[in-house]
Every structure is written in structure tokens, then in C-alpha cells.
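A.B. asks: this one's sequence-less:
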């Protein structure tokens, strides 16, 4: 991906952090709902202190996470220097946000230095009930995360920002329909949606790269961090359209199951990780009940022929 070298226009910022360059854009109209800030747990330590000396073993809580206070941008840079680009990015994923949305006074849940990405997945490593599906994407609104499975085996997970309370991403079964590396939002022509993977053709709902502020903030789309957006763009299958009749789908793309309910206005699960390392876990039963119902029904048959409109021009965010 190429980025312009000129200064960003008003409302955007060019952030250089964690070894990557990324555009960030304003998150909707002023006064949009935000999660109320939560007090930091008693285990909080400051990133300024961590930048000076290695953290002691006693700073690690619940065997996997410690809470680190971020009083300033200097403290955030200190944490990035301590962790390195890869582990800093992993920390952002755990906290469901991008670097530009870490505010002064925030606290971040920092995972154990030995934990890898899949070790920290809120989703099970195996889903035996979906082994017959070559690919499946799960999106938990409750823990704001997606998971990608191949024949029942977890291959990737990442954070999301789904629909805000007034424009929620509706629960149900979708499919990845078509893709576009860049697409302009119909809500605002200044919003450029990169790595766009459509899942609801009539309403223009999709996965794409955009701001992750640490809570559901989109207009029904499923926002992703850049590395996850690029990976999903390459991995997900598109639908196959009848060349004689573009209104007819010959084969659906990758199934996408959206489920769970986010507790708007309450403390997010990932903010509890320093005290409870299982706070974001999605148990097997929570997945299987809705997913099996959808996938075993006729709507889950990705090979059947159905009638649908041609790709829409609409695009939300």
C-alpha cells in the first residue's frame, strides 16, 4: 500500500508507530456514543516507569496480562520501545484499538511476553462441528473480535469495531461476496475504505480497514486493523455469479457468522484481563448454538443457487 508524503487533510493524522505507517480518520459525527471510561485496576503500573527498567515478575497478573497506565504520549512511546513493534501490535489487538486511539490517562492490558497471537485468541483452537466447512469466519459482537477457521481449525483472529448502539451489525449468517482494495464510503466521500470485503450486498456492509477506538463505533460495518484487513482480503472467497445472469449467485463466498451481544455502556471484557485472563473467552456453547442453527439450515448451504441483485454501489463504514 502506498501512502502520500504530503501532510494529511484536517481530521486525519499520519501515525508512525510500531514500525508501521497508517492513516487514521475521524470516527463519525461529533457526539457519537463512546464507552464511559473505566477506572484502572489496582494492579496498574506506569509505562514511564516501564521505559526506565524491565518490569518485575510481580507485574504480571493472572498469568498472562498486566495493566499498564498510559499517562502521556511519551509513555506510549516508552511502551512501544519496551515491547518492540510486534508485541506492541499484539497489545493493541488485545485492547481492541489502534495506536492513535490510546488516550492520555488510558490503561492497556499487556500480554505475557511468551504469548503468541493464537495463544491469546478468545475463540477455541478447534471447532469440531464445522470441520466440513473449508472456511468459516466468526464475529463475536460481545468480545469485539473475529476468528477465521479452516476445516474447524483456528488460523487467525483479530480485534473488530462493529456497529455502534444505534447502528448495530445485525446478528446472523452472511457470506463474503465481493472485494475492492479501495472504496469511498457513501456516508462521507472523505472516508476511504481500504481492503473492503462486502458481506451484505444490499446495505453495503463489509469488513474493511478503519479506526479501532476500543469500542463498537461503525455504521454497521466490521472494522479491522490493517494487517488483519489485508490478511482477510486475501483469504476470504468471493461469490460466483452466473455469467449469463448477474442477478444469480452460483456459489456463495466464505460464510460469516455474527453473534453475541455487546454490553453497551458497561466495562468491556478486555478491560478486565489483568484480573481475569479468561474475561474475553468465547466458550464453545456460545458459538455452536447460533452457528449450527444457521449452517445446518437451507440458508447456510453455500452451494445452492439463489437470486440476488448485482453488486451494489453503497458502502458504509
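C.D. replies: Sure thing, it's come through. Treat the numbers as computed from the prediction; the structure is a model and nothing was measured.

A.B. asks: Roughly how far does residue 99 sit from residue 78?
C.D. replies: Here the criterion is C-beta to C-beta, to the nearest Å. By it, residue 99 lies 13 Å from residue 78. C-betas here are computed from N, CA, C, even on glycine.

A.B. asks: Equivalent analysis for residue 275, please.
C.D. replies: When C-beta to C-beta is applied, the distance between residue 275 and residue 78 equals 24 Å.

A.B. asks: Looking at the two, which one has more neighbours?
C.D. replies: Each of residue 275 and residue 78 had its neighbours counted (other C-beta atoms under 10 Å), and the higher figure belongs to residue 78 (20 against 15).

A.B. asks: and the more buried one, what helix or strand is that in?
C.D. replies: For residue 78, the host element (DSSP states H and E) is helix 73-83.

A.B. asks: Any buried residues in the stretch of helix or strand residue 88 belongs to, and which?
C.D. replies: With elements taken from DSSP H and E, the one containing residue 88 is helix 85-94. When burial is assessed from 16 or more other C-beta atoms under 10 Å, helix 85-94 yields the following buried residues: 87, 88, 89, 90, 91, 92, 93, 94.

A.B. asks: Residue 146: which of the residues you listed is nearest?
C.D. replies: Distances from residue 146 to those, taken as C-beta to C-beta, are shortest for residue 93 (11.0 Å).

A.B. asks: State the number of residues packed around the closest residue to the closest one other than its chain neighbours.
C.D. replies: Residue nearest to residue 93 in three dimensions, not counting chain neighbours: residue 159, with 5.0 Å by C-beta to C-beta, 6 or more residues apart in numbering. Here the neighbour count serves as a burial measure; for residue 159 (other C-beta under 10 Å) it reads 23.

A.B. asks: Same question for residue 199.
C.D. replies: When neighbours are counted by other C-beta under 10 Å, residue 199 comes out with 26.

A.B. asks: Next one, pLDDT for it please.
C.D. replies: Among the per-residue scores, residue 199 shows a pLDDT of 96.

A.B. asks: Residue 294 too?
C.D. replies: Reported pLDDT for residue 294: 84.

A.B. asks: Need the three-state assignment for it.
C.D. replies: With DSSP: H, G, I helix; E, B strand; the rest coil as the basis, the three-state label of residue 294 is helix.

A.B. asks: For it, which non-adjacent residue is spatially closest?
C.D. replies: Spatial nearest neighbour of residue 294, chain neighbours left out: residue 173 (3.9 Å); criterion: C-beta to C-beta, 6+ apart.

A.B. asks: Now do residue 130 against residue 231, distance only.
C.D. replies: For residue 130, the distance to residue 231 equals 20 Å [C-beta to C-beta].
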